[in-house]
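*Asks:* got a sequence here, can you build the structure:
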Amino acid sequence: MTGTGGGGTGPAGGEERDPAADAPARADASARADIPSRADAPEPEAQARTRRAHQKHNERYAWWALAYFLFGLHIVAFVMIYAVRHAK
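*Replies:* Numbering: from 1, shown residues only. As a prediction, this is how the structure comes out:
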């Protein structure tokens, strides 16, 4: 199917791709200021500490959400029990 003129951007048929043609694009992409370099990345201990802090924070909120859900479930159950006992 290669080389049939399908409109693709890759080399067609027996054409060989020039690796030097991509060099300027790669140089521009690696020099972008919005992408932090490896030197700017925090060390692994700091990353682990930050990840544990976020995990602890998220787990705490998950437990609170579970507590509110179970509390609400009990309220609904008590209202249903009251309604069944007082129905005529």
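*Asks:* which parts of this structure are helices?
*Replies:* Residue ranges of the helices in the chain, as given by DSSP state H, are 23-30, 44-85.
*Asks:* want to throw those helices into TSV with mean neighbour count and mean pLDDT?
*Replies:* Yep, even glycine has a C-beta here, placed from its N, CA and C like the rest. Shown next, in TSV, are the helices of the chain (neighbours: other CB atoms under 10 Å; pLDDT from 0 to 100):
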stretch	mean neighbour count	mean pLDDT
helix 23-30	9	55
helix 44-85	10	95
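*Asks:* ok, and what's touching stretch 77-88?
*Replies:* The contact list for stretch 77-88 (CB atoms under 8 Å, 6 or more residues apart in numbering) is empty.
*Asks:* CA-only coordinates of it in CSV, if you can.
*Replies:* Extracted as CSV, the C-alpha positions of stretch 77-88 are listed here (Å, rounded to 0.1, in the frame of the first residue of the first chain):
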residue,chain,number,x,y,z
ALA,A,77,-33.1,4.3,56.0
PHE,A,78,-34.5,5.9,59.1
VAL,A,79,-37.0,7.9,57.1
MET,A,80,-38.1,4.8,55.3
ILE,A,81,-38.4,2.8,58.6
TYR,A,82,-40.5,5.7,60.1
ALA,A,83,-42.7,5.8,57.0
VAL,A,84,-43.4,2.0,57.1
ARG,A,85,-44.1,2.0,60.8
HIS,A,86,-46.5,4.9,60.6
ALA,A,87,-48.3,4.0,57.5
LYS,A,88,-52.0,3.2,57.9
